[in-house]
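Asks: sequence and predicted structure below; questions after.
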Amino acid sequence: MQIRKGTIGYMLAHEQFPVQELREIGTSAARCGFGLLATSDHFQPWQANEGHSGEAWVTLAALGERAPRAWMGTTVTCPTLRYHRAIVAEAFASLALLNPGRIFLGVGSGEALNEEAATGEWPAWSERWNRLIEALTLIRALWSGRDVDHEGRFYAVKGKLYDVPPQPIPILTAANGPKAMKLAAQHGDGLITDPETWQQYKGDWEASARAAGKNPKDMPVLVEQFVAVGNNDVAEQAAELWRFVPKAFKGYHAIRDPPRSSDGPKPRCRSTTS
């Protein structure tokens, strides 16, 4: 199964609902015709008032049989610090065995509320991307089923994956800036981004994909758009839970602790979006 161009997906927000509710929401979304179910993957929510942060891979596993026609994956998992690369490879191979042809792995360079909060580490942007690139190399190598003996700049893995995916799992790479868009095209099988970034840097992403020997027309692009269904009261209620959105990748991603107020913090950032 391959995702079709024009597919409309549904985002399952682990920040806003507990996993048992997300299982029911995802089931209903699939029955209503949404062809893709994406899950956020966080250790903590973006804002404390959102109130939840369940484990994304568990939700995907629970939805497999309940949404048998939907394409499913994370937007996004960070396989560099909080999660070990080999475990990411193993987990998604198992998901793919349960749901052949329906799993994708969305990856990104991370946010401090996940990586620093859980590990105490939060490197500069360039190191986070270099770590991501090396992690993707390892994940793909493990999915091949070959023995892996890797001693790299950041990671060491010696072993093999015995239960490999039945077919290649697409890796969709998240990007929200010009440099990241180029890197995502070079190292990913597809893209996860926002409408503004896609509009501004679509040409750069496509050119970088071609330079890497890929056809951008064959690469899925997931563009996330927030929508409030209802009147102004509904929109205002939603805004209280998603105030980070306009500034998420202009400093907000570098905050270790979710803000306790709806106004958000005035962050002292140690990295910039590229």
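Replies: Good, I have the coordinates.
Asks: and the nearest residue to Q47 once chain neighbours are set aside, helix, strand or coil?
Replies: Distances taken as CB to CB, 6 or more residues apart in numbering put P258 closest to Q47, at 5.3 Å, once the chain neighbours are dropped. For every residue, glycine as well, the C-beta is placed using N, CA and C. In three-state terms, and counting by DSSP: H, G, I helix; E, B strand; the rest coil, P258 is coil.
Asks: same question for T173.
Replies: T173 - assigned by three-state DSSP - is strand.
Asks: that one pairs with what?
Replies: V107, L191 (DSSP bridges).
Asks: could you report the separation of it from K158?
Replies: The gap separating T173 from K158 is 26 Å, by CB to CB, to the nearest Å.
Asks: of the two, who's got more company?
Replies: Remark: of T173 and K158, T173 carries more neighbours, 28 against 10, as counted by other CB atoms under 10 Å.
Asks: list the contacts of that one.
Replies: With contact set as CB atoms under 8 Å, 6 or more residues apart in numbering, T173 has these partners: 106-108, 132, 136, 183-184, 187-188, 190-192.
Asks: again with W71
Replies: Neighbouring residues of W71 by CB under 8 Å, 6+ apart: 1, 3, 7, 9, 35-37, 102-104.
Asks: where does the prediction get shaky in the protein?
Replies: Across the chain, the ranges flagged by pLDDT under 70 are 1-3, 246-250, 261-274.
Asks: that's a strand at D149, yeah?
Replies: Yes. Secondary structure of D149 (three-state DSSP): part of a strand.
Asks: with adjacent residues omitted, what lies nearest to it?
Replies: Among residues not flanking D149 along the chain, K158 sits closest, at 5.1 Å (CB to CB, 6+ apart).
Asks: where does the one you found land in three-state SS?
Replies: Under three-state DSSP, K158 falls in the strand class.
Asks: and the residue lying closest to S208 once chain neighbours are set aside, what element?
Replies: Nearest residue to S208, sequence neighbours excluded (CB to CB, 6+ apart): A185, at 3.7 Å. Applying DSSP states H and E as the criterion places A185 in helix 178-187.
Asks: what about G54, neighbour count?
Replies: G54 sits with 20 neighbouring residues when counted by other CB under 10 Å.
Asks: just P165 next, same as before
Replies: Neighbours of P165 under the rule other CB under 10 Å: 22.
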